[in-house]
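Student: Curious how this folds, go ahead:
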Amino acid sequence: MKRELDNLVLQMHTAGLCYNDAVREFKKRYILEILSRHRGNQCKAAEELGMHRNTLSRTLTELGMDSAQIRQGVRRPPTSVPARTARPGLRIVSGGR
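Tutor: Okay, here's the model as predicted:
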């Protein structure tokens, strides 16, 4: 992992990315990863990050990250048809004798 991080730093430097932008981008990606693992739950994410939930919220604001969009992005999309609904064109026939 250290080698991958070294390569990433070298690529960022070679691309002309300034220190502040590099740190900002790292924070955004790291926090997004942790939030995704906790399905947008800021309390659980903050605990894993070792910070207070209010600090995480403030950091998201400073980084221009919208917590509502993060929560929506990690939710499973709703199912279009409930599993127990019969398909159109199919009749349920009683098997009584």
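
Student: mind checking the backbone torsions on H38?
Tutor: As for H38, its main-chain torsions (degrees, to the nearest 10) stand at phi -100, psi 20.

Student: low-scoring stretches of this protein, by residue?
Tutor: 74-97 (pLDDT under 70).

Student: Show me the helices in it, by range?
Tutor: Applying DSSP state H to the chain gives helices spanning 2-14, 19-37, 42-49, 53-62, 67-74.

Student: Dump those helices to TSV, plus mean neighbour count.
Tutor: C-beta: built from backbone N, CA, C; applies to glycine. Below are those laid out as TSV (neighbours: other Cβ atoms under 10 Å):
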stretch	mean neighbour count
helix 2-14	10
helix 19-37	14
helix 42-49	16
helix 53-62	14
helix 67-74	13
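
Student: what residue lies at the spatial centre of this structure?
Tutor: S36 (2.9 Å; Cα atoms, centre = their mean).

Student: R3: what's it in contact with?
Tutor: By Cβ atoms under 8 Å, 6 or more residues apart in numbering, R3 lies in contact with nothing.

Student: Check A45 too.
Tutor: A45 makes contact with 31, 34-35, 37-38, 56 under the criterion Cβ under 8 Å, 6+ apart.
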